[in-house]
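Chemist: Mind folding the following:
(chains A and B)
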Amino acid sequence: MTLAADIAGILLNGLQTGAIYILVAIGLSIILGTLRFVNFAHGALYLIGAYAGLLITLEIDLSNGLLREWGFQTIGLGWGFLPALILVPLFVFVVGLGMERFVARPFYDRPDTDQILVTFGLAIIVQELFRVLFGGQSIDFARPAWASGPVMLPVVGNFPVWRLYVIGITAVLVALVWLLVEYTDFGLIVRAGTQDPEMVELLGIKLTRPYIVMFGIGAALAGVAGVVGAPLENVNPNIGTGVLVPAFLVVVIGGVGSIRGAVVGGILIGMVFSILVGAPLPQVTVAGTEIVWSSWAQVGIYALAAVVLLTRPEGLFGEEVTG
Amino acid sequence: MARDSSSLSRRDAVKAAGTLGTLGIAGLAGCTGGGGGGGGGGGGDGEDYPSLGNYPIEGDTAMFGFNVPTSGPYSSEGEDELRAYEMAVKHLNNGGGWVDSQFDDLSGDGVLDYEIDYVTGDTATDADTARQSASRMIQRDDVVMFSGGSSSATAIAMQGLAQEENVLFMCCLTHSNDTTGKDCVRYSFREMFNAYMTGQALAPVVTDEYGDDLDFYQLYADYSWGQTQQASMKQFFEEAGWSEVDSVPTPLGTSDYSSYLSEAADSGADALFLNHYGLDGANSLSQAIEAGIDQDMEIVLPLYNRPMAEAAGGAIEGIFGTIAWDSQIDNTPSNEFTEAFSSEYDGRVPSGPAQLAYAQTLQYAAAVERAGTFYPPEVIRQLEDFEYDNIGMGAETMRGCDHQAQRDIPVVRGLPGSEQGEGQYFEIVNITSRDDVGYGCDSGPAAECELGEYGDE
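Modeler: Numbers count the residues shown, from 1 in each chain, chains lettered A, B, ... in the order given. As a prediction, this is how the structure comes out:
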């Protein structure tokens, strides 16, 4: 195994680990940046996306849960993956609009703690609802036949095809959202509103609608993350909470409200993890015990966040949109 | 001005992330209560023995506690255990299943004229949560016995509490050497075999299949079970002529193993041992197959079960491992259990952990009947060195020196996805006799075991 192959492998692994976090973090970051709303229910949107994707793509056997007790032995449409990739974002977009109208909006002027409590409560309700309906067990979200198994890449060697798709889909979606925010009138209004909402409204532009749409877009991205991310693992009611914490760290590292920050933050987290697990790091012995670097991979992510907070408290790209 | 508001929201984000962590733990730690307390007149057998732990029982209902993970990486196993526990209580009170056919000591009319009731708790696959939940069962619900597991860290925490509180703990699923090794206690009994015995059972079968001088690489879950599992695989495969290239710990509950796996693939080893269990095992195995690692390396999953196979799907094809029990094992007790479970739960096929849960509950109840009392030291003496052949795994002894059952171990190989069906996921390659595995009371994990006191010394 050459050094080039090592480096290429680590980069690719880091990129794909970060990709899902990026998709979730963008919505989180935009909503926090534009609406000043701390949305702990964002992970629930990932969860909804994953289950919706599963039910559109496959027909699954139920072995557990209330739905089975009601007589459903199997459930799902079995339409395949591509319809899921198109329908799920639309569906979660609508869910996001509902969440903005009925959960977020009444809390915009309330303290952060209130926002945290209500959205965290909502996240638990959604999670437990899925557990009651589908049971707590993990369901295999089989990858579509055209994207399963390994592919032989030059230099790197075998790499799972699906993970390449995840990187590709993330890149396309991020580019679309960036173009929307940077180069359209809609994006201009949103950015202006973020800087000085009072002045924008004085100029006669109503900010409510663009803000709702941004909320919906953030939600839709989390939904897509659920569809593309779930086949990497399994689908169960806890995956929403699992993805929320790293996504929050991405926002902390990248800076609130910045798409560029979310992308860089996500890639950095993925890389740190991948390097600590995989890179041929020097052997260090502390008090007679050798340090196993891979055990420190999780710690490394938090250490990275800590270093960024100490050296650049507003995050790497914190001022881009909000400043 | 704008800058101020930006830095404010940054601080909010950091604060929020911190709160999230705390709330997440609290959210996972939820418990579900069940059953109710017994009331009414005295009765019972309280006169012959002093009070100890939750003995004597007040009222005419004896309370059991079932403490299993219904959240976390081992929740599928936990939920199946819970079904079996509930069925065991039903059979103890009303007859049915093994109570009628295999356990002569049991009447099907309660235990020693006490009706059995139960409470449940969620360990969240976390030792500290498990201990708190068990403590609540002992203090508030007055359980006379509790059972559970599905992670050795939780089982070891619970059995430590059992010894302190003088309330019996019947281990369900726990496979770490430490449970009946260095962390063993007088107040706990284990039917499940351990990592050491898995190594003994697997090494001959696997080396026979793949050759006897291979290099192997290990990934292992970084807690009690994974550590002893890794050590035992190293010991027995190196004794059989293989050599370990490297072994790397992974945190419990990891969902993405890709970085670990690509490191393993680059190591140049011939075989990869995935010492992961539950959802972790299903994830690491299916991600290994997805990355094409099986094309260059032989993969071994030392400890399997049915919910794992279900979640991993076709990825288990050809993969060797050991299991606690499987419904395909064809003998009278096994068939009776499968039949009772299926008719109770709508055609569902029971998993190995379910069989352990059911067996351990009935074993305790039968020991109480033999002792003629719930007084814990007497019940313990009934279980120690008890010989039995009624739970579908052949003749067994619950050894007195370390409370470890001496029993056969099924070695299995995963079926291809196309041949898998409801309940059929493996072919049973070999049922390794208990004479070919195990160790003396002064060797292996047992050498480190100090059981502690009965409580009536």
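Chemist: got a list of what residue B:145 touches?
Modeler: With contact set as CB atoms under 8 Å, 6 or more residues apart in numbering or on different chains, residue B:145 has these partners: B:64, B:65, B:167, B:168, B:169, B:170, B:364. Where you see a C-beta, it was placed from the backbone N, CA and C, and this is true even at glycine.
Chemist: bridging residues for the residue of chain A found nearest chain B?
Modeler: Per CB to the nearest CB, residue A:150 is where chain A lies closest to chain B, at 2.9 Å. The partner list for residue A:150 in beta bridges (DSSP bridges) reads residue A:160.
Chemist: From residue A:31, how far off is it?
Modeler: Separation of residue A:150 from residue A:31 (CB to CB, to the nearest Å) stands at 37 Å.
Chemist: Mind checking which of these two has more residues around it?
Modeler: Shown here are residue A:150 and residue A:31; by other CB atoms under 10 Å in any protein chain shown, residue A:31 has more neighbours (27 against 20).
Chemist: So for that one, what's the pLDDT?
Modeler: Reported pLDDT at residue A:31 in the predicted model: 87.
Chemist: ok now the helix or strand hosting it, how far from the chain's centre?
Modeler: Secondary structure assignment for residue A:31, by DSSP states H and E: helix A:3-35. In terms of CA atoms, centre = their mean, to the nearest Å, the gap separating the centre of helix A:3-35 from the centre of its chain is 9 Å.
Chemist: Stretch A:38-47 now?
Modeler: With CA atoms, centre = their mean as the basis, stretch A:38-47 stands 9 Å off its chain's centre.
Chemist: In contact with the residue of chain A closest to chain B, which residues?
Modeler: Residue A:150 makes contact with A:158, A:159, A:160, A:161, B:290, B:291, B:292, B:295 under the criterion CB under 8 Å, 6+ apart.
Chemist: what about the nearest residue to residue B:253 once chain neighbours are set aside, how many neighbours?
Modeler: Counting by CB to CB, 6 or more residues apart in numbering or on different chains, residue B:73 is the residue found nearest to residue B:253 once chain neighbours are left out, at 4.9 Å. Neighbourhood size, residue B:73 [other CB under 10 Å]: 27.
Chemist: Now do residue B:73, the pLDDT please.
Modeler: 77.
Chemist: Give me the secondary structure label for it.
Modeler: Three-state assignment for residue B:73 (DSSP: H, G, I helix; E, B strand; the rest coil): coil.
Chemist: right, and it touches residue B:278 too?
Modeler: Yes. The pair residue B:73 / residue B:278 is scored as a contact, 4.8 Å apart, by CB atoms under 8 Å.
Chemist: which residues do those two both contact?
Modeler: Contacts common to residue B:73 and residue B:278, judged by CB under 8 Å, 6+ apart, are residue B:125.
Chemist: where exactly do the strands run in chain A?
Modeler: Secondary structure of chain A (DSSP state E): strands at A:60-61, A:74-75, A:150-153, A:157-160, A:285-286, A:289-290.
Chemist: Okay, and residue B:238 sits in which element?
Modeler: helix B:224-239.
Chemist: List of residues touching that helix?
Modeler: Helix B:224-239 is contacted by residues B:151-153, B:156, B:174-178, B:181, B:183, B:194-196, B:198-200, B:202-203, B:206-207, B:216, B:218, B:220-221, B:244, B:247, B:249, B:252, B:273, B:275-277, B:302-303, B:445 when judged by CB under 8 Å, 6+ apart.
Chemist: Show the subsequent helix or strand relative to it.
Modeler: Downstream of helix B:224-239, the first helix or strand assigned by DSSP H and E is strand B:243-250.
Chemist: Closest to chain A out of the contacts of residue B:145?
Modeler: residue B:65 (19.9 Å).
Chemist: didn't that closest one look like it was pressed against residue B:135?
Modeler: No. Contact criterion CB under 8 Å: residue B:65 and residue B:135 do not qualify, at 10.3 Å.
Chemist: buried ones in the helix holding residue B:238?
Modeler: B:224-237 (16 or more other CB atoms under 10 Å in any protein chain shown).
Chemist: quick check: angle from that helix to strand B:243-250?
Modeler: With axes from the mean of the first three to the mean of the last three CA atoms, to 10 degrees applied, the angle from helix B:224-239 to strand B:243-250 works out at 170 degrees.
Chemist: for the record, mean pLDDT for helix B:224-239?
Modeler: Helix B:224-239 comes out at a mean pLDDT of 90.
Chemist: Show me how far that helix is from its chain's centre.
Modeler: 18 Å.
Chemist: do the same with stretch A:307-323
Modeler: 20 Å.
Chemist: what's the answer for stretch A:190-210, then?
Modeler: Put simply, stretch A:190-210 sits 27 Å off its chain's centre (CA atoms, centre = their mean).
Chemist: So which residues on the stretch 151-300 of chain A come close to chain B?
Modeler: Neighbours of chain B within the stretch 151-300 of chain A, by CB under 8 Å from any CB of the partner chain: A:157-160, A:162-163, A:195-196, A:232-234, A:236, A:238-239, A:241-242, A:244-245, A:248-249, A:251-252, A:255-257, A:273-274, A:277-278, A:292, A:294-295, A:297-298.
Chemist: any idea where the helices of the stretch 201-323 of chain A begin and end?
Modeler: Under the criterion DSSP state H, counting those that start in this stretch, the stretch 201-323 of chain A contains helices at A:208-229, A:239-254, A:259-278, A:297-311, A:319-322.
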